[in-house]
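# can't give you the sequence, but here's the structure:
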C-alpha cells in the first residue's frame with residue numbers, strides 16, 4: 001500500500017482510532033463515538049466522516065460487528081500505523 005495516502009489527515013484519524021482501541025474477549029474495537037473522534041482530531045463532523053469512509057475504502061477499518069459508529073482496525077490499518085510510526089511520517 002502506498003503510505004503517501006496516509007501522510008495527511010487520514011493518518012491522524014487512523015492514529016486516533018488505533019490509540020483508542022479496547023479489547024474485550026480477544027476482540028478489539030474503537031470505543032470512541034464519532035463526536036469524540038471529531039473532538040480529538042479537531043476536524044468537522046463532515047470531514048471526519050469522509051475520512052472514516054475513505055479508511056473503510058482502503059481496507060484500514062471495518063464496522064465492528066456491523067454496528068454503526070463502532071469501528072475495528074484491520075490488519076492493513078495496523079500495518080499502516082506501524083509503518084508510518086517507524087519511518088517518522090506524521091509524528092509530531
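That came in fine, so what should we check first? Treat the numbers as computed from the prediction; the structure is a model and nothing was measured.

# CA only for contacts and neighbour counts going forward, please
Fine.

# tell me how far the most centrally placed residue in the chain lies from residue 41.
Taking CA atoms, centre = their mean, the centroid of the chain lies closest to residue 14, which sits 2.6 Å from it. Relative to residue 41, residue 14 is positioned 10 Å away (CA to CA, to the nearest Å).

# ok, residue 39 to residue 25 distance?
Per CA to CA, residue 39 is found 28 Å from residue 25.

# between the two, who's got more neighbours?
residue 39 (13 against 5; other CA atoms under 10 Å).

# so the more buried one: helix, strand or coil?
helix (DSSP: H, G, I helix; E, B strand; the rest coil).

# would you map the helices across this protein?
Assigned by DSSP state H, the helices in the chain fall at 9-19, 34-41, 45-57, 75-87.

# buried deepest among those helices, which one?
Per residue and on average, the most neighbours among those fall to helix 9-19, with a mean of 19 (mean count of other CA atoms under 10 Å).

# list the contacts of residue 29.
21-23, 64, 70-73 (CA atoms under 8 Å, 6 or more residues apart in numbering).
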